[in-house]
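Visitor: Below: sequence and its predicted model.
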Amino acid sequence: MKKVEDPVADTERSRSEHNRRIEDPEHSRKVRVRIAPSPTGVPHIGNTRTVLFNWLFARKNKGKFVVRIEDTDRQRLQEGSLEKILEILDFLGLSWDEGPNVGGDFGPYIQSERKDLYQKYAKDLTQKGFAYEDEGAIRLKVEKGKSWSWNDLIHGEISFKSDVIEDFVILKSDGFPTYHLGVVVDDHLMEITDVLRGDEWISSTPKHLMLYEALGWQPPKFAHLPVIVGPDKSKLSKRHGAKSILDYKEEGYLPQALINFMVLLGWSPPPEVARRNIGEKEKELFTLEELTKIFSIDRVNTTSPVFNIEKLNWFNKKYLQMLSLPDLIGKIKDFSSRAIRTDDRQLSQIVNLVRDRMTTLTDFDKYASIFFEKGSEKPPGKEKVENAQKALQSITNWNEKAITQTLDKWIQENNLSAGDFKNTLRLSVFADNTPPIYQSLAVLSKEETLKRIEAALK
RNA sequence: GCCGCUUUCGUCUAGUGGCCCAGGACACAGCGUUCUCAACGCUGUAACACCGGUUCGACUCCGGUAAGCGGCACCA
């Protein structure tokens, strides 16, 4: 997204470029894909996986990836959703390669800014007799008795009889194109070579094919991705936690985890990449970088995968574990005001102790809270607590090593059960589950520890 | 209703006629480790929708049935 040039805004120039590409086999083979979100809401896992696949497909084939906002439904527009769509792309690290100049950077293409174009083509079609006016709208005439088919990159041959399709609106009476016209015109003008979109578009594809033919254009290749479904196998909806990617971001999920999770929903790496020997554990963790090398459209499944949060959680945990301590601390600070207020030395001690327990970044507060305030478990009997108190008082240097030495010695000398003694410490000082107790004590000051013991005695 | 898509463990999937009485992962259970909770290690439970063909041989090929889902808007 550095140098700004927009081959599409200027249609004429785009045409000549197109011609040149046809003559030049290198260029004509160049892959170009797009994503076409409509700003009517915030993308969820399903939409976003389509974005990911497009992006990977472009990168794998050293092609271009463009973003086009399909905002032709003026009623359903939702304030701020464009920004959120872009924020998701940014969060996941999926950058696009061209677009109109917006403050020296590439912006997405916006259909509402290209309204005239669609009207022009709709008029052309009307004049040529392929379309007609109907109550202020323009409909495409569907010729009966024809069969329309294409070789889907994922599903293989699919065909429809034109008899099941009625004349359909291509230009609405408000002057905006319907999806069908908009998508065909733009995909052609933007020289999109491969359309990767959700399965729900399969039945619309014949309409698009008709438009390509009426307009005298060559259609792109189509790949219809099975859509992610909820536990009840129907479309992902809010009810099933079809939360937006931004929600997951706020809950402390890492982009790496989200990407890894999404890519394995309906796609799998070639066996030789996943596993070297039979019976050996298969590789499941992939970075975006690796994916750009091994992704391929023919390994996309034909079935709709069910969204499963457990697996996402597992990925997140894994990626959290892989983060370096400074990186992890940095991210935790974005989620915990308490972490910001804690001094670095103590904070890294705490993070080291609780990191294996965290599923998401917001879990930090959950597991670290015991270092700031006591939990709610009841303390053990008074005698035991007093004994623990004496033991703690006898520690001179308050650090993990000294604590360990002194207390282990105390256990020996007083002939105590180690487990029982440690549990007493845990319950009277933290009143909750803790990481290994000596290390946990070392996080607190001696003063704070004794204060807590004192409180346990009351 | 019409049209289309789909069908391997609960879930994500591997598998392209014999390597599969089906492999891996998540989840679950048990065991180990252990001061609690985790983490970690090991083990285990669990699937080719159904019926016919083709074939010496079918998860893999063909046909049908069933079920699920999607589309059939001046929404995308």
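Guide: All right, it came through fine.
Visitor: now the helices for the stretch 301-450 of chain A?
Guide: A:309-322, A:325-335, A:337-341, A:344-354, A:363-368, A:382-393, A:400-413, A:418-425, A:437-443, A:446-456 (DSSP state H, counting those that start in this stretch).
Visitor: Redo the ones you listed as a markdown table? Include mean pLDDT and distance to RNA strand B.
Guide: For every residue, glycine as well, the C-beta is placed using N, CA and C. Formatted as a markdown table, the helices of the stretch 301-450 of chain A follow (pLDDT from 0 to 100; distance: least, CB to the nearest atom of the strand, whole Å):
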| stretch | mean pLDDT | distance to RNA strand B |
| --- | --- | --- |
| helix A:309-322 | 96 | 4 |
| helix A:325-335 | 97 | 14 |
| helix A:337-341 | 96 | 19 |
| helix A:344-354 | 96 | 8 |
| helix A:363-368 | 96 | 8 |
| helix A:382-393 | 94 | 12 |
| helix A:400-413 | 95 | 9 |
| helix A:418-425 | 95 | 3 |
| helix A:437-443 | 97 | 4 |
| helix A:446-456 | 95 | 15 |
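Visitor: could you dump those helices to TSV with mean neighbour count?
Guide: TSV is the format used below for the helices of the stretch 301-450 of chain A (neighbours: other CB atoms under 10 Å):
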stretch	mean neighbour count
helix A:309-322	17
helix A:325-335	16
helix A:337-341	13
helix A:344-354	17
helix A:363-368	20
helix A:382-393	17
helix A:400-413	15
helix A:418-425	17
helix A:437-443	20
helix A:446-456	17
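Visitor: Same list (those helices) but as TSV, adding distance to A:Leu236.
Guide: Formatted as TSV, the helices of the stretch 301-450 of chain A follow (distance: least, CB to CB, whole Å):
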stretch	distance to A:Leu236
helix A:309-322	12
helix A:325-335	26
helix A:337-341	33
helix A:344-354	32
helix A:363-368	25
helix A:382-393	52
helix A:400-413	48
helix A:418-425	45
helix A:437-443	41
helix A:446-456	47
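Visitor: Residues contacting whichever strand or helix holds A:Thr205, please?
Guide: For A:Thr205, the element it lies in under DSSP states H and E is helix A:205-215. Applying CB atoms under 8 Å, 6 or more residues apart in numbering, the contact partners of helix A:205-215 are A:121, A:124-125, A:128, A:130-131, A:140, A:142-143, A:148, A:150, A:158, A:160, A:162, A:165, A:168, A:170, A:180-181, A:183-185, A:188, A:218-219, A:222, A:224.
Visitor: ok, A:Ile154 to RNA strand B distance?
Guide: The gap separating A:Ile154 from RNA strand B is 8 Å, by CB to the nearest atom of the strand, to the nearest Å.
Visitor: how deep is that residue tucked in, by neighbour count?
Guide: 19 (other CB atoms under 10 Å).
Visitor: what residues are up against it?
Guide: A:223-226, A:297, A:300, A:302.
Visitor: Give me the pLDDT for it.
Guide: Predicted confidence (pLDDT) at A:Ile154: the value is 95.
Visitor: Just to be sure, it is in a helix?
Guide: No. Going by DSSP: H, G, I helix; E, B strand; the rest coil, the assignment for A:Ile154 is coil, not a helix.
Visitor: Can you pull the phi and psi angles for it?
Guide: Taking degrees, to the nearest 10, you get phi -110, psi -40 for the backbone angles of A:Ile154.
Visitor: and what of A:Asp105?
Guide: phi -130, psi 170.
Visitor: Tell me which helix or strand the residue most central in space within chain A sits in.
Guide: Nearest to the geometric centre of chain A sits A:Leu258, at 4.6 Å (CA atoms, centre = their mean). Per DSSP H and E, A:Leu258 falls inside helix A:255-263.
Visitor: contact partners of the very next helix or strand once past that helix?
Guide: As assigned by DSSP H and E, the chain's next helix or strand after helix A:255-263 is helix A:271-274. Helix A:271-274 is contacted from outside by A:268, A:282-284, A:294, using CB under 8 Å, 6+ apart.
Visitor: Do you have the strands of the stretch 151-300 of chain A handy? List them.
Guide: Along the stretch 151-300 of chain A, counting by DSSP state E, counting those that start in this stretch, strands occupy A:156-161, A:168-171, A:194-198, A:221-225.
Visitor: and the second one with RNA strand B, contact?
Guide: Yes. For strand A:168-171 and RNA strand B, the contact criterion (CB under 7 Å from any atom of the strand) is met by A:168-169.
Visitor: average pLDDT across that strand?
Guide: pLDDT averaged over strand A:168-171 gives 98.
Visitor: Which elements pack onto that strand?
Guide: helix A:115-127, strand A:137-140, helix A:179-189 (3 or more CB pairs under 8 Å, 6 or more residues apart in numbering; DSSP states H and E).
Visitor: contacting residues around that strand?
Guide: A:118-119, A:122, A:125, A:131, A:134, A:137-140, A:142, A:177-178, A:180-181, A:207, A:211.
Visitor: Buried ones from the residues you listed, can you make that a PyMOL selection?
Guide: The buried residues among the contacts of strand A:168-171 can be selected in PyMOL (16 or more other CB atoms under 10 Å) with this line:
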select buried, chain A and resi 118+119+122+125+131+137+138+139+140+142+177+178+180+181+207+211
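Visitor: Filtering the contacts of strand A:168-171 by proximity to RNA strand B, which remain?
Guide: Restricting these to those near RNA strand B - CB under 7 Å from any atom of the strand - leaves A:134, A:137, A:178.
Visitor: Where does the prediction get shaky in chain A?
Guide: Applying pLDDT under 70 to chain A flags residues A:1-29, A:238-242, A:276-279.
Visitor: list the buried ones in the lengthiest helix in chain A?
Guide: Using DSSP state H to define each element, chain A has its longest helix at helix A:45-60. Across helix A:45-60, burial judged by 16+ other CB under 10 Å covers A:45-60.
Visitor: for stretch A:96-109, same thing?
Guide: Result for stretch A:96-109 [16+ other CB under 10 Å]: buried residues A:96, A:98-99, A:106-109.
Visitor: Ok, stretch A:153-173 next?
Guide: Within stretch A:153-173, judged by 16+ other CB under 10 Å, the buried ones are A:153-155, A:158, A:160, A:162, A:165, A:168-172.
Visitor: start to end distance for that stretch?
Guide: 35 Å (CA to CA, to the nearest Å).
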